[in-house]
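Student: model the structure of this input:
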Amino acid sequence: MGTIYYGGSATPIHIEDRALAHLKVVIATKLRRGESFTVSWQHLPDEPRGRSTIWLHPSIPLRFVFDDPEPAELSRSWIEDLAQSANSSGGITLVSEHIDPDGVEDESPQAVEVAD
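Tutor: You can find the predicted model right below:
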């Protein structure tokens, strides 16, 4: 389980390493361009029901910490899905990777393991 430390918040945001690796690529690209945006996710089943959203701005400190010392292999289509949502008025909505055993992407919405 990886972690995002954002600004002065005392509460770290925990995200599964593979999801965090993909999210990091999209966030870094947007912040490098000087763009502000939101990131939203649904709470895990063992947390109070609901969802969270944070506002990301290039001037606010941000740190990604991964449990796995080896970088995850990235999925171009998952990055594109996240980037597309990042460019919408609703900001990035963290969704799980769509993998089908036949190599065809599954388009149904799914939750991703995220804890804050």
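Student: from here on, contacts and neighbour counts on C-alpha atoms
Tutor: Will do.
Student: ok, which stretches of this structure are strands?
Tutor: 2-6, 13-15, 37-42, 51-56, 62-65, 92-93, 114-115 (DSSP state E).
Student: nearest to A72, out of these?
Tutor: strand 2-6 (11.7 Å; Cα to Cα).
Student: so where's the chain shaky on pLDDT?
Tutor: For the chain, applying pLDDT under 70 flags the ranges 98-116.
Student: switch the cut-off to 50
Tutor: Along the chain, segments meeting pLDDT under 50 span 104-116.
Student: how much space between the residue lying closest to A83 once chain neighbours are set aside and R33?
Tutor: Ranked by Cα to Cα, 6 or more residues apart in numbering and with sequence neighbours excluded, the top spatial neighbour of A83 is V26, at 5.8 Å. According to Cα to Cα, to the nearest Å, V26 and R33 sit 11 Å apart.
Student: and the two? which has more neighbours close in?
Tutor: V26 (21 against 9; other Cα atoms under 10 Å).
Student: and the gap between the residue most central in space within the chain and I4?
Tutor: Most central residue of the chain, judged by C-alpha distance to the mean C-alpha position with Cα atoms, centre = their mean, is L23 at 3.8 Å. From L23 across to I4, the span is 10 Å (Cα to Cα).
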